[in-house]
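Engineer: no sequence on hand, only this structure:
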């Protein structure tokens, strides 16, 4: 019976249909799809790169070109970069400040974040959910909430006259900066620790290690990539921090790079020196870009850790 | 989540295997050890976040006596308790300004700016980000290159990107040249709003794309094959399969983008400037008040922003987050149910927070 139906269907097929079956459309469609996906990817890359390209181009323009809108700097020049490091801008000092602030923040955050994250990832205790909620809430609050009391405190204004004068000190930015770095690190690291098989520690503990020793000798070396990723993400966050540094670092010699760039204004306020601003922007961004390009897989893994499994 | 060592003491081991005693020996100290390990983190959070937030709440009920008043020139005039005046003042219309939404109190102007910038930005970023993720998921080769490209906007400091867009949007800048028009993007006009939106979308849409891509890659190909066999169109596949399955990842990404955008400071401050009412966000407004020693109102506005952010987060978790929690590790969920705890369980919480928290600040 089945054969007869097949025969009937075969008879009903017109010539064109037979032809279409003989030359399936698939390869063409797929080829178009491949081409379209490459076009799409090209568009994405252009979308991401073009504004940055504009920054680079403007940085390499001769200062006399001003705000030229040529797409290629006709005489490429390094004058903008020289002016960035001139005595008036003193950007080298700002870069150093940024390294100190972001570096210290990262180290402190990792130091405390690693052990906290280990407890959250592996140990079982009452109140863990409460701790998680607390850290989550901590990642939510606007930094600007900290400003009024801290500004008062760090400048030893009336109720806080007992407090040392902390304006223009590194710790005035590093300590409040921990409030966003630490939750970030704890979350990312917790996700990384959870990805490591528990059996490793169990084996270590069967061999007589305490949880602490198992952590130090087994987990930490294995989690090194995760720690590195977290370090990069936290460092980039601290390096890019602006609001706290803007508020608490008013002295030019203490300003971090982000604040210094934003203050590169001309004396009259109208002749914004875009050339040197862009040059400084390139200088601030390039180290991050290098890190991002080298560690891109890791960073993506870190950013999506815990969210998607 | 599996646990390294042992059951908590409160739950007597029901397995009844021979390891019971050994496990207890190891786990007896576990709770204490956990708190010891967490102590530095918790203490730091309490000191650098908890105490300032409490002080900020205290501050919001006070006003500085002589900070604004220059008749004595004294700075240390102390504070006076003004109750809810800092909060009620926003309804009194003491400081009317003209922005995009007509003349109103400066606070409400900033509030509306914050809200509308957030809505427009997050919508655009989500659409563009999802489109990017779909393209990247289709790609066979060159994904690494695209991923590297996508991380460029993410890595650029927001303030640098603000200044970069400031140059692009300059009245005689390249954007106007391409458009062939003379739009005053930076002059606190209606166009400034869109300048902010474009700059923010540029920086963070790729980030949403990245997180969505990670979600897309967890969808098994068999599901699509089955749909094709059943004759589903591409659109049907997208709406019925892709979106629902990528929703948990997407919701989290969108939630964190929303929270970040509500707190936006660097972009309007760096690009348009402070005190520009068309784009003044609550963060910029509160910052300006604080930097002018009007600590009380500044604290009040910051606290309102905080509550606003919490409210939005709560709504997200309540309305959209059910799915997020539902997708969490089943084991963990059952345990929580046994305890009868109302807060979402830990695995779900990790799902909710883990990824977006890195955010594009």
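Structural biologist: Ah, there it is. Fair warning: this is a prediction, and the values are worked out from it, not measured in the lab. Residues are numbered from 1 along each chain as shown, chains lettered A, B, ... in the order given.
Engineer: tell me what the strand or helix carrying residue A:39 is packed against?
Structural biologist: Residue A:39 is part of helix A:26-59, with elements assigned from DSSP states H and E. Applying 3 or more Cβ pairs under 8 Å, 6 or more residues apart in numbering or on different chains; DSSP states H and E, one finds that helix A:26-59 contacts helix A:274-294, helix B:106-138, helix B:143-155, helix B:158-168, helix B:190-216. Using the backbone N, CA and C atoms, a C-beta is placed for each residue, glycine as well.
Engineer: how much does it deviate in direction from helix A:274-294?
Structural biologist: Comparing the axes of helix A:26-59 and helix A:274-294 via axes from the mean of the first three to the mean of the last three Cα atoms, to 10 degrees yields an angle of 140 degrees.
Engineer: thinking again about what came up before, JSON lines for the helices and strands packed on helix A:26-59, including mean pLDDT, mean neighbour count and distance to residue A:37?
Structural biologist: Listed next are those as JSON lines, based on pLDDT from 0 to 100; neighbours: other Cβ atoms under 10 Å in any protein chain shown; distance: least, Cβ to Cβ, whole Å:
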{"stretch": "helix A:274-294", "mean pLDDT": "89", "mean neighbour count": "22", "distance to residue A:37": "22"}
{"stretch": "helix B:106-138", "mean pLDDT": "93", "mean neighbour count": "21", "distance to residue A:37": "4"}
{"stretch": "helix B:143-155", "mean pLDDT": "84", "mean neighbour count": "21", "distance to residue A:37": "10"}
{"stretch": "helix B:158-168", "mean pLDDT": "93", "mean neighbour count": "26", "distance to residue A:37": "28"}
{"stretch": "helix B:190-216", "mean pLDDT": "91", "mean neighbour count": "24", "distance to residue A:37": "13"}
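Engineer: with distance to residue A:148 added, can I get those in a markdown table?
Structural biologist: Shown next, in a markdown table, are those (distance: least, Cβ to Cβ, whole Å):
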| stretch | distance to residue A:148 |
| --- | --- |
| helix A:274-294 | 29 |
| helix B:106-138 | 15 |
| helix B:143-155 | 30 |
| helix B:158-168 | 22 |
| helix B:190-216 | 25 |
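Engineer: and the helix or strand harbouring residue B:222, what's buried?
Structural biologist: Using DSSP H and E, residue B:222 falls within helix B:221-229. Neighbour counts over helix B:221-229 (16 or more other Cβ atoms under 10 Å in any protein chain shown) mark residue B:227 as buried.
Engineer: which residues does the residue positioned nearest the centre of chain B contact?
Structural biologist: Geometric centre of chain B, nearest residue: residue B:259, 2.5 Å, by Cα atoms, centre = their mean. Residue B:259 makes contacts with A:140, B:309, B:312, B:313, B:359, as judged by Cβ atoms under 8 Å, 6 or more residues apart in numbering or on different chains.
Engineer: from those residues, which two are the most distant?
Structural biologist: B:312 and B:359 (14.5 Å; Cβ to Cβ).
Engineer: comparing these two, which residue is more hemmed in?
Structural biologist: residue B:359 (21 against 17; other Cβ atoms under 10 Å in any protein chain shown).
Engineer: follow-up on the earlier one: so which of the helices and strands packed on helix A:26-59 is nearest residue B:300?
Structural biologist: helix B:106-138 (8.9 Å).
Engineer: for residue B:103, what are phi and psi?
Structural biologist: phi -90, psi 130 (degrees, to the nearest 10).
Engineer: number of nearby residues for the nearest residue to it once chain neighbours are set aside?
Structural biologist: With Cβ to Cβ, 6 or more residues apart in numbering or on different chains as the measure, residue B:96 is the residue that lies nearest to residue B:103, at 5.3 Å, once sequence neighbours are left out. Residue B:96 has 12 neighbours, counted by other Cβ under 10 Å.
Engineer: pLDDT score for the residue nearest to the centre of chain B?
Structural biologist: Here, the pLDDT recorded for residue B:259 equals 90.
Engineer: any idea how far it is from residue B:310?
Structural biologist: 9 Å (Cβ to Cβ, to the nearest Å).
Engineer: re the thing from before, what residues sit buried inside the helix holding residue A:39?
Structural biologist: A:37-38, A:40-41, A:44-45, A:47-49, A:51-52, A:54-59.
Engineer: same question, stretch A:103-112
Structural biologist: A:104, A:105, A:106, A:108, A:109, A:110, A:112.
Engineer: how distant is stretch B:186-203 from the center of its chain?
Structural biologist: Its chain's C-alpha centre and that of stretch B:186-203 lie 19 Å apart, by Cα atoms, centre = their mean, to the nearest Å.
Engineer: check whether that stretch comes into contact with chain A.
Structural biologist: Yes. Judged by Cβ under 8 Å from any Cβ of the partner chain, stretch B:186-203 comes into contact with chain A through residue B:202.
Engineer: tell me, how many residues neighbour residue A:130?
Structural biologist: Residue A:130, neighbours per other Cβ under 10 Å, totals 11.
Engineer: in contact with the nearest residue to residue B:109 once chain neighbours are set aside, which residues?
Structural biologist: Spatial nearest neighbour of residue B:109, excluding adjacent residues (Cβ to Cβ, 6+ apart): residue B:99 at 4.2 Å. Each residue near residue B:99 by Cβ under 8 Å, 6+ apart is listed here: B:109, B:112, B:113, B:277, B:278, B:280.
Engineer: same thing but at 10 Å, please
Structural biologist: Residue B:99 is in contact with B:106, B:108-110, B:112-113, B:188, B:190, B:193, B:276-280, counting by Cβ atoms under 10 Å, 6 or more residues apart in numbering or on different chains.
Engineer: which of the residues you listed lies closest to chain A?
Structural biologist: Here the nearest of these to chain A, counting by Cβ to the nearest Cβ, is residue B:110; it sits at 11.5 Å.
Engineer: about what we covered before: looking at the contacts of residue B:259, which is nearest residue A:234?
Structural biologist: Distance to residue A:234 across the contacts of residue B:259 (Cβ to Cβ) is lowest for residue B:359, with 12.4 Å.
Engineer: what is the end-to-end distance of stretch B:232-239?
Structural biologist: The stretch stretch B:232-239 measures 10 Å between its terminal residues, going by Cα to Cα, to the nearest Å.
Engineer: how far off centre is it?
Structural biologist: For stretch B:232-239, the distance to the chain centre is 31 Å (Cα atoms, centre = their mean).
Engineer: buried set for it?
Structural biologist: residue B:232.
Engineer: so what does the strand or helix carrying residue A:136 touch, helix or strand wise?
Structural biologist: Assigned by DSSP H and E, residue A:136 falls within helix A:128-140. Packing partners of helix A:128-140 (3 or more Cβ pairs under 10 Å, 6 or more residues apart in numbering or on different chains; DSSP states H and E): helix A:91-122, helix A:171-195, helix B:30-45, helix B:243-262, helix B:295-315, helix B:346-354.
Engineer: what about residue 97, how many residues nearby?
Structural biologist: Reading this off chain A. 21.
Engineer: wait, I meant chain B there
Structural biologist: 16.
Engineer: any chance of the backbone angles for it?
Structural biologist: phi -130, psi 160.
Engineer: find me the pLDDT at it, would you?
Structural biologist: At residue B:97, pLDDT is 84.
Engineer: how much space separates it from chain A?
Structural biologist: Distance of residue B:97 to chain A, computed by Cβ to the nearest Cβ, to the nearest Å: 19 Å.
Engineer: isn't that residue right up against residue B:112?
Structural biologist: No. With contact defined as Cβ atoms under 10 Å, residue B:97 does not reach residue B:112; the gap is 11.4 Å.
Engineer: anything in contact with each of these two?
Structural biologist: Common neighbours of residue B:97 and residue B:112 (Cβ under 10 Å, 6+ apart) are residue B:104.
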